[in-house]
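**Q** Next come a sequence and a model predicted from it.
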Amino acid sequence: MRLTYSCVISVGLAAVGLSSAHAADDLTQPIVADLIQPAFDTLAHETAALADVAATSCHDATASDTALAEAYGRAFDAWITASIWRFGPTETDSRAFSLSFWPDNRGKIGKTVGALLRSEDTGILAADEFAQFSIAGKGFYALDYLMFDTQAQTLGSASYRCALVGAMTTDIAATATAIDADWSTGFAEQLSPPSARYQSQDEVRQELFKTLTTGLQVDEDLRLGRPLGSFDKPRPRRAEAWRSARSLRHLTLSLEALKPLAQSLAVGAPNLQDKLTRAFDKALRRAKALEDPQFAGVSDPASRFRVEALKQEVADIRALVAAELGPRLGVAAGFNALDGD
């Protein structure tokens with residue numbers, strides 16, 4: 001079956017009774033004010049900066065285009081941090097999918113971007129036209145392919161490559177700005193029930209717990225599980241953003257974004273907060289010591305075990321969250337698309 005980030009987020013949650021009661025503001029408002037809104041503010045800022053660099057400083061839109069590559073890296077970092085919040089404004093009009101078409105199991109990104117570079121189609125470069133273009137040619141992963149794929153770097157004239165990057169980054173910035181605006185102009189209030197979206201505090205807890213459990217599952221099953229493959233058939237080129245050597249960085253950024261969410265959800269339970277902190281810190285230490293930015297080591301039996309050990313650390317966090325944090329909040333993760341066919 002096709003596994004996408006978007007199908008991972010369809011995690012079912014079942015209320016199992018409340019073990020403790022927290023006022024809505026105690027739980028949700030710090031998360032919104034300290035985690036969610038700053039993440040999307042940063043995303044809007046960095047993607048606007050990326051679009052500006054693309055418009056003013058692009059030379060050939062390859063990895064050696066230093067100013068563009070650096071701005072791209074900062075904007076992609078901001079997206080990975082913000083991307084754990086896959087509900088509400090990010091899902092409106094498939095915005096997150098537009099920014100983040102990954103995994104791309106059928107190689108649609110390469111086919112779509114490659115076709116544009118070969119044809120030098122100028123008809124899709126205007127912002128209103130590009131906004132309607134295939135998601136396989138949009139977002140961070142299309143930009144990653146254009147700039148860092150060795151074959152794609154040889155396609156298209158420098159002027160067209162920069163024009164296409166301009167269209168891509170303008171679209172990315174517009175999408176990020178729209179998400180940020182929605183959070184700033186009303187959606188945050190929906191997390192204080194009763195509201196049009198959430199009828200009770202239970203539903204808000206479910207949404208936030210789903211964010212945590214889904215993010216951890218993406219890290220374990222997709223960011224680590226896909227490149228690991230099997231011992232006999234490792235899949236290093238299924239790693240996320242392997243062309244730009246960002247695979248390990250994305251895992252680290254995701255864990256760093258999920259850690260304060262887990263700590264916030266455990267408010268009022270200092271022992272559990274300490275357990276969660278130690279579990280995340282253990283995984284992050286292992287990740288930062290790995291020194292394998294593309295997870296290329298999965299193909300080497302002598303180093304593969306280090307990636308497997310990191311995957312187990314993430315699995316341990318998931319187990320702790322399910323066994324202790326879920327019952328405290330009164331929610332439990334149910335079946336989702338990664339649990340079977």
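**A** Received it, and whenever you're ready, just let me know what you need.

**Q** Tell me how this protein divides into domains.
**A** With domains defined by automatic domain parsing, the chain comprises 2-17+200-339, 41-190.

**Q** ranking the ones you listed by mean pLDDT, which is last?
**A** For these, the weakest mean pLDDT is recorded on domain 2-17+200-339, namely a mean of 89.

**Q** Run through the helices of the stretch 201-341 of the chain in chain order.
**A** 201-217, 225-228, 247-265, 270-290, 301-320, 326-329 (DSSP state H, counting those that start in this stretch).

**Q** one step back: looking at the domains of the chain, which is closest to L35?
**A** L35 lies closest, by Cβ to Cβ, to one member of the domains of the chain: domain 2-17+200-339, at 5.9 Å. Placement of C-beta: from N, CA and C, glycine included.

**Q** returning to that earlier point: so which of the helices of the stretch 201-341 of the chain comes closest to T154?
**A** It is, among those and with distance given as Cβ to Cβ, helix 247-265, at 23.5 Å.

**Q** quick one on the thing from earlier: out of the helices of the stretch 201-341 of the chain, the one nearest A55 is which?
**A** Comparing the helices of the stretch 201-341 of the chain by Cβ to Cβ, helix 247-265 comes nearest, at 26.0 Å.

**Q** E291: neighbouring residues, count only.
**A** If you count neighbours by other Cβ atoms under 10 Å, E291 ends up with 9.

**Q** scratch that, A302 is what I was asking about
**A** 7.

**Q** Next: Q132.
**A** 8.

**Q** Just say helix, strand or coil for it.
**A** coil (DSSP: H, G, I helix; E, B strand; the rest coil).

**Q** Quick check on it: phi, psi?
**A** phi -100, psi 0 (degrees, to the nearest 10).

**Q** where's it relative to P89, distance?
**A** Distance of Q132 to P89, given as Cβ to Cβ, to the nearest Å: 20 Å.

**Q** so Y160 sits right up against R118, yeah?
**A** No. Y160 is not in contact with R118 according to Cβ atoms under 8 Å; the separation is 10.1 Å.

**Q** So for these two, which sits in the more crowded spot?
**A** Per other Cβ under 10 Å, whichever of Y160 and R118 has more neighbours is Y160, with 18 against 10.

**Q** quick one: contacts for the more buried one?
**A** Contact partners of Y160, counting by Cβ atoms under 8 Å, 6 or more residues apart in numbering, are L117, E120, T122.

**Q** Among those residues, name the buried ones.
**A** By neighbour count, with 16 or more other Cβ atoms under 10 Å, the contacts of Y160 hold L117 as buried.

**Q** about what we covered before: can you lay out the domains of the chain as a markdown table showing distance to Q29?
**A** Formatted as a markdown table, those follow (distance: least, Cβ to Cβ, whole Å):
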| stretch | distance to Q29 |
| --- | --- |
| domain 2-17+200-339 | 10 |
| domain 41-190 | 9 |
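
**Q** closest to D34 out of those domains?
**A** domain 2-17+200-339 (7.6 Å).

**Q** tell me how far the closest one is from the chain's mean position?
**A** 12 Å (Cα atoms, centre = their mean, to the nearest Å).

**Q** do stretch 77-92 as well
**A** Worked out by Cα atoms, centre = their mean, stretch 77-92 lies 7 Å from the chain centre.

**Q** Once you drop chain neighbours, what's closest to Q29?
**A** Excluding the flanking residues, the one nearest Q29 by Cβ to Cβ, 6 or more residues apart in numbering is S192, at 7.6 Å.

**Q** For that neighbour, report the pLDDT, please.
**A** 85.

**Q** so where does it fall, helix or strand?
**A** Here S192 is covered by no helix or strand, with elements defined by DSSP states H and E.
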